[in-house]
Structures are given as C-alpha cells and as structure tokens.
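Take this sequence and fold it.
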Amino acid sequence: MSIKIRRVLKQDRAAWVAFVERSNNGTIFHSPDFLDYHPEGRFDNHHLVVESSSGKTMAFIPGAVSQWDDGPWFRSYPGASYGGPVLDDSLGLDKVEKLTDALIKYCRQQGFKGIEMTLPPLPYFRRPHNYIDFSLIKNGFIYRKRELTAVIDLRRLGEEIDLGFSQSARRGVRKAVKSGLRVVEDNDFSKFYPVLESNLKQRHNVKPTHTLEELKLLDDLLGAGRVKQFVSVDDSGEVYAGMIMFHCNPRVTLAFYISHNEEHQALRPVNIVYREVINWARKMGYHYLDLGTYTLNMEVNYGLCRFKESFSARGQFRNTFTGKI
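The predicted structure is shown next:
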C-alpha cells in the first residue's frame, strides 16, 4: 500500500473538521476550529493530510515548523495540548507503522531535522491502542517527557458519586455548602478571569495560557457549548473559585483552568466546584474527566496530586515524543 502525504489546502477544511469528529483519537486540539484562535504569524503552520493510494483519507496531522539549534523541526502541535496523527478508526498496526514511516520520509524530504509530538492519553481514544507510540519508538524516537494528567473514570463512580471521594474531599464540599457557596454555570469569562490571573501570578508567577479575549474567541469559534465555565459564588455573586472545561471529544471533558481566590481558600470553594463539575460531566455522558496535569517537566506537585486523587482521579501518561530524522 502506497501512502501520500501533502499539505492541507483551504478546501480540505470541512473534511478535516468532519474527520476529527469521527476519528479514533481526535480532540478539539486537532481541529482547525481550535487552531484558528492563534493569531496569524504566531506559528509557521504546516498541517498535513495522509491519503492511501486509492485516495482515502487515513489521517490528518496538524503541525507547525519550529526553528531549533540544529534547524527546522516538525511539531504537532506547538500551540495545543495534544497533537500527533488523527487516525481513521479502522487503521490497524501495520497501517499505522506505514503511516509513521511515510511521515518520517516526508519530513526528511522537506529538510526537517526532527519531529516532536504530544499524543492524547489513552482515555481520549475511541478504541485505545499504543500503535503510534510503538511505531515512533521503533523508529528511534524517545520520550522527551512523560507528564501525569489526573483522569477520573466517571463510569466507575456509580450513582452516589461522593462515595468515590476521600473523607477530606467530602468535608471540603460540606464546608463550602455550609458557608453559603453554590456552583453556577456562567460563560461570562470576565467574572472568573481576574481570580485565575491573580492566582497564577501569586502561586507560579505566570499568566494564563489564553488571554481573556482569546477565551471569548475560542468560545465563538468552537460553538455548540464546547467551552463551559463553572464558578462557585456566594449570594452576592462574588466568584470564589472556578473551572473552565473544554469538550475535547464525546468521551472526554478537560478542565483546562482550575483556580480559586486565595483569600477564601478556607471555605473550600474549589471542592464544591470539583464535586458539581464531576456530577455535570457524568450526567452529560462523558466517560472521563481530565483534571489536567500535576507534574511539570516530570516534577510532581504532591499537594495538587493528593487533592486531585481525593476526588477519585488517577494519573495517566501525557507523552511527548521527539526524534531526530
């Protein structure tokens, strides 16, 4: 079987969006609807489509070219949480291996010095497999890093979801309720963003990945309720904590931002947000809730790890592969 790889054209956009929707492992981070929030010129885009000899689409690979010390590298995708090939659900190991070989050959022909990609964790797959990982490692790729992301298997929680939480997590929820806090869904990002911005500045001296304007743009671009914001508030409407969820695919919802007002931490506003978002995600039919990483460059934030574990989350690998070609 011969494989053709070419640059994505403007007229491929509708097919690309539809392919991600029905693929085995596609997420919003693979879709042009998400990638469009990046302003023109931020990345040197080099998106690819993989086709069989009969013209059937086998995969889309969002990508960009980054200039590193040894020259240009193909990266999938530097402006998204996850990348790598979005695969047709029918592909078996033999075809994934051929696809990987063809991608490496294509990148060599383009003069790229290497390839880097961060693959979605297994819960994001319709039919989980490690065929891409296997094919990359077989070709000499290595793990640049292996972060842990906290995933809750919502199907295992049962009807009484609180029984899956630790005692400390349940105590925190009760304290928040007794303090008069409640959780509301409210996509006015301007209400939560100052809390998020302040918390990240105080704790890590960093800014949110997205500006307030970019969050609003993402909400518009993705549409259909694919970005959800939940906030814990008191009777006056003051925001104590919040969580911004991304609908990644029909199986997984991702907590992209979680934050709270440090002054009110004793009231446990985050606990009640966790509890209500978990309940919401379960009712919406998601199989998994991804609470995000608690490692950074493989250094563990054990406090954050224990907190997420207290709500029944367990760490799964978010792997970044790199390979010189």
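
Report the contact partners of H260.
Contacts for H260 (Cβ atoms under 8 Å, 6 or more residues apart in numbering) come out as V195, N199, Y240, A241, G242, P269, V270. Yep, even glycine has a C-beta here, placed from its N, CA and C like the rest.

Could you find the closest non-adjacent residue to the second one?
I take that to be N199. S259 (4.3 Å; Cβ to Cβ, 6 or more residues apart in numbering).

Name the next helix or strand downstream of the helix or strand hosting that neighbour, please.
Element membership of S259, judged by DSSP states H and E, is strand 252-260. Following strand 252-260 in sequence order, the next helix or strand is helix 269-283 (DSSP H and E).

continuing past that next one, what's the next helix or strand?
Immediately after helix 269-283, counting by DSSP H and E, sits strand 288-293.

which residues are in contact with that following strand?
Taking Cβ under 8 Å, 6+ apart as the rule, strand 288-293 contacts 121, 123-124, 147-154, 248, 251-256, 258, 274, 277-278, 281, 308, 311, 313, 318.

Quick check: mean pLDDT of that strand?
On average, the pLDDT along strand 288-293 is 98.

filter the contacts of H260 to the buried ones?
V195, N199, Y240, A241, G242, P269, V270 (16 or more other Cβ atoms under 10 Å).

From what I see, the first one and V239 are in contact.
Yes: proximity of V195 to V239 meets the contact threshold set by Cβ atoms under 8 Å, at 5.6 Å.

overlap in contacts of those two?
N261.

and V17, that one's in a helix?
Yes: assessed with DSSP: H, G, I helix; E, B strand; the rest coil, V17 lies in a helix.

Just give the closest residue to it, not the sequence neighbours.
S31 (5.8 Å).

quick one: contacts for that neighbour?
Counting by Cβ under 8 Å, 6+ apart, S31 has contacts W16, V17, V20.

same deal with R226?
R226 touches I28, F246, H247, counting by Cβ under 8 Å, 6+ apart.
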